[in-house]
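> sequence first, then the predicted structure, then my questions.
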Amino acid sequence: MRSVVLFGALSALLALPDALAVKSQDFKTCSQSGFCRRGRALAARAQEAQSSWNSPYSVDPSSILILPEDSTVKAVVKSSLYPEIKFGLELRIHDDGVVRVLLDEVDGLRKRYDEAASWALVSEPKLSKGIRWAAGKKELRAVFGEKNDIEVAVNYDPFRVRLRRGGEDQIVLNGRGLLHMEHFRSQTLKETTEEVVSEENAEGQEVLQIENVRAWFEGDSEDAYWEEKFSSWTDSKPKGPESLSLDITFPNHGTVYGIPQHATNLSLPSTTGESPSYTDPFRLYNADVFEYIASSPMSLYGSIPVMHAHSAETTVGLFNAIGSETWIDIAYPTKRSTHTHWISESGIMDVFLLPGPTPEDVFAQYARLTGTTALPAHWSLGYHQCRWNYVSSDDVRTVQKRFDEEDMPVDVFWLDIEYAQDHKYFIWDHKTFPDPVEMTNEVAAAGRKMVVIVDPHLKRTSDYPVYQEASDLDILVKPKSGEGEYEGWCWTGSSSWIDHFNPASWDWWISKFKTTKIDTGFSWIESTEDIHIWNDMNEPSIFNGPEITMPKDSIHYGGWEHRDVHNINGMLFHNNTAQAVRVRSDISKRPFVLTRSFYAGSQRVGAMWTGDNLGTWDHMAVGIKMVLANGIAGMAFAGSDVGGFFGNPEPEMLVRWYQVGIFSPFFRAHAHIDTKRREPFLLDEPYKSIIRDILRLRYSMLPIWYTAFKENSVTGMPIVRPHYVMFPQDTAGFDIDDQFFVGSSGILVKPVTEKGKNEATIYLPEDQVYYDYFTQYAYRGSIKGKYVIVAAELHQVPVFIRGGSILPTRERPRRSSPLMRLDPFTIRVALSKAGTARGELYLDDGVTYLHQQGELVWREFVAEQPQKKITRISSRDLAAQNPGKAVDGVALTTYDPKNAFAKEIEEVRVEKIVILGLVWKPSSVKVEGGAELKWEFVPGVAAIDTKEGTASVLIIKDPKVLITSDWAIVVS
């Protein structure tokens, strides 16, 4: 939900105009940010000096301390600009090959913020053992890795860190000499070293000129060191300059991805160098940017400082653990190399180098650092219906009734801010919602849930118990004085914000979500366990603040300024909310908490959406790219508002947006208060029926989606995968971001995101058969990649099954996903050119954490050809063979196939098996060791053929096999 700047009475805020556009003047460009100006000016001086440029930073060789038992080395780094200032360097090598590089000021006037990693990391990384560091005359080196082909080298003078593989540089820190950690200092009239030069003026008088000997590096002025103005606001900057500039080069990787959240291409465009795509750097500064531009490096709601660098040979990554505002310049000096320049306002250098060498390796390395997406509640993968606002209990009941009347599945109804009296969250407005518990129970009776918004701003009034308790506990963010409570304006009017960095706030906030009375204080007794939470506005959004957020000199727990923790702030709010929802009952249940603001590690507790988008074709298209980018950075449970938050999309656009939505991990329709109602049941025909079919397709594929989420929760691999992840050596696919794969399922999707299109062009990256999901038409790829044109009328979304895949689906339409729990399965077998296929299915109760105790079912389906003219389809237990890989965050030592959950679904059967691409009509189809089965065969193109056309289809009816059992069906 979007804010606008507050002028005058709060009521003026709520009269939002019908047509708005991003107010670029509300947000800084690099030229308006003092530390970014300084960082870019430093880069410009280096570029002008070229080969004569040398970094002033060097390692003192005499200070090197090697700790071999911890694979750690420490040293002192000095700057020739300020010989009296010392910096502490530390390198640690983790047991999976990740290299952590830390640099901090030693014994400075103040302490730099060094806690960003502690919030992001899931646990303290395990260090490698037995790695030998060798200190030479010019550099410090260590060689490691399974093949001893990875090397980290620290050059002494100038200071430089290189990560190499096979003798080739992969990542270089300070290779271009742009490292600059501005040390803490006292404000004086002139604090630079000066030389006096004699000159004569026009009158022949001698004039003393003062030369700044550091100007070659720092510039000749103290640009915004001690105070900075933007629009009507002044940042007091009490600590003075403290920015960190760092160049990170990928000499052998010509494509980079990541650093969400930006509305831009997946393969990141250039911002500097020759003919850059953008003129400003990419900015990471969580901000409430409504109706954002569909192609821009502007910061948006979340910030994850993670980047992948990719080539046909290797993939590497980095995680820059910093919580302050950061700008990132990107240049591509050659087709095979990438230069990046990271400019942060505050904090230490804490960079994790991820050596790869494959995309899968990089995802695993990052997942071990910050965790994976928590396995969500199964129902949260269904369809979510939202708008600002459903205005009453009766409105909610009517919407539910209409969905049922039109046979449209839906799992969740949402309530925006108008449910709350005077926007005092938790407090229902009984004029419009007189019976919230009864309303929720009626929704839950159909297997559905409610999601209710709880924003971070608390109305400053003594009759609001949540605010009053927080005030009494002294757990609110403080103004720059460090005394009292920071006051800003948001939907509630005069507001204050809980300081979730303060440990005293944690248990208190958790207690607010209890659905029963507690001994002291308020609890949400007008709630139930079927209500989950939406955390919006948590950047934080502050209507009368600079850049519509909190002043940077506000004070958090521990005396840290808001500038130090801004990008982390929103994560703590939704983390604590998720913990509250998880433990509000005696039996812990998986929470659903949607957040708008996020940081590295946010994936562990919730989902995100791409914010206040527009109902335009451009926003529809860029939403796909943004979701893919979020998956690259670990935030996999992501989606965009279907239909766009602003605007009134025409029926064609709305249909196409639902086609995008069903192939997003998070699937929600949402709309602004000023838009027309656009629930799918309100549409005329044929649009209504088309969307009904779209929704049913999503629900039929929920087993595929849940299995993909399970895989992500264990491995960190994205749920929706761009081409470079699936085919890392295919250079033609590096820039593709308008089609993608769903997990490891083999499903390839190319949504239509342009008006008036009735066909689509799909890239097939390999010499393999791809089947149209709906028509079974077999298309052929090629070794070099191939584009094919397919039909895409309004009712058609291009979906393909990669040859060699097996898909488990549930085809019986239900009102909500929990009602499908005991439904039978259909198994689709899409044979590869070799006549083989495989797939997986993961199931658990979808609600509790009993899967962590082994209450689950994890099956593998395999199609093979043991003999000529024989195809064998089998099911086996993966959990029993791989218990350590069955559950996120838990290594099961044993697994009982007869666990309680497996017993609950032991009668669930396979009702149909469909095999695509058989060569011949079978003469026999039977369960191995059993009787002949009923089947139908439609002749067509075989998987092994070279021609295209409708594939042969074998349909096995009711094979009488169970989903939890081992079995085999022989086709001969």
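Sure thing, it's come through.
> so where is this protein shaky, pLDDT-wise?
By pLDDT under 70, the low-scoring segments of the chain are 1-20, 189-210.
> recalculate using a threshold of 90.
By pLDDT under 90, the weakly predicted segments of the chain are 1-22, 68-70, 130, 188-212, 290, 888-894, 929.
> which residues does the residue nearest to residue 491 when sequence neighbours are not counted contact?
Leaving aside its sequence neighbours, residue 491 sits nearest to residue 423 (CB to CB, 6 or more residues apart in numbering; 4.6 Å). C-beta coordinates here come from the backbone N, C-alpha and C atoms, glycine included. Going by CB atoms under 8 Å, 6 or more residues apart in numbering, residue 423 touches 417, 455, 459, 491-493.
> measure residue 423 to residue 550 for me?
18 Å (CB to CB, to the nearest Å).
> circling back to that earlier point, just put the contacts of residue 423 in a markdown table and tack on distance to residue 898.
Shown next, in a markdown table, are these (distance: CB to CB, whole Å):
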| residue | distance to residue 898 |
| --- | --- |
| 417 | 48 |
| 455 | 47 |
| 459 | 54 |
| 491 | 53 |
| 492 | 53 |
| 493 | 59 |
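> quick one: the residue nearest to residue 491 from residue 487, how far?
16 Å.
> again with residue 525
For residue 525, the distance to residue 487 - CB to CB - is 29 Å.
> over to residue 610?
Distance, residue 610 to residue 487, using CB to CB: 30 Å.
> looking at the two, which is more packed in?
residue 610 (29 against 15; other CB atoms under 10 Å).
> burial count for residue 969?
25.
> now it: closest residue in space that isn't a chain neighbour?
residue 873 is the one closest to residue 969 (CB to CB, 6+ apart), at 4.7 Å.
> SS state for residue 245?
Three-state assignment for residue 245 (DSSP: H, G, I helix; E, B strand; the rest coil): strand.
> tell me the secondary structure at the residue nearest in space to the middle of the chain.
Nearest residue to the geometric centre of the chain (CA atoms, centre = their mean): residue 635, 2.2 Å. When the structure is reduced to helix, strand and coil (three-state DSSP), residue 635 reads as coil.
> I'd say it and residue 301 touch.
No: with contact defined as CB atoms under 8 Å, residue 635 does not count as touching residue 301 (11.3 Å).
> overlap in contacts of these two?
With contacts defined as CB under 8 Å, 6+ apart, the residues shared by residue 635 and residue 301 are 598, 608.
> those helices in the stretch 451-600 of the chain, which residues are they?
Using DSSP state H, counting those that start in this stretch, the helices of the stretch 451-600 of the chain run over 465-473, 504-511, 562-582.
> would you say residue 137 is within a helix?
No: going by three-state DSSP, the assignment for residue 137 is coil, not a helix.
> how much space between it and residue 126?
From residue 137 over to residue 126 the distance is 32 Å, taken as CB to CB.
> and residue 677, by the same measure?
Distance of residue 677 to residue 126, given as CB to CB: 54 Å.
> mind checking how far residue 685 is from residue 405?
Using CB to CB, one gets 15 Å for the distance from residue 685 to residue 405.
> what of residue 822?
Residue 822 is 25 Å from residue 405, where distance means CB to CB.
> same check on residue 742?
31 Å.
> between the two, which one's more packed in?
Neighbour totals were compared for residue 742 and residue 405, and residue 742 leads with 22 against 9 (other CB under 10 Å).
> for residue 892, what are its contacts?
Contacts of residue 892 by CB under 8 Å, 6+ apart are 854, 879, 883-884, 886.
> one more pass at 6 Å, please.
Contacts here follow CB atoms under 6 Å, 6 or more residues apart in numbering; on that basis residue 892 touches 854, 883, 886.
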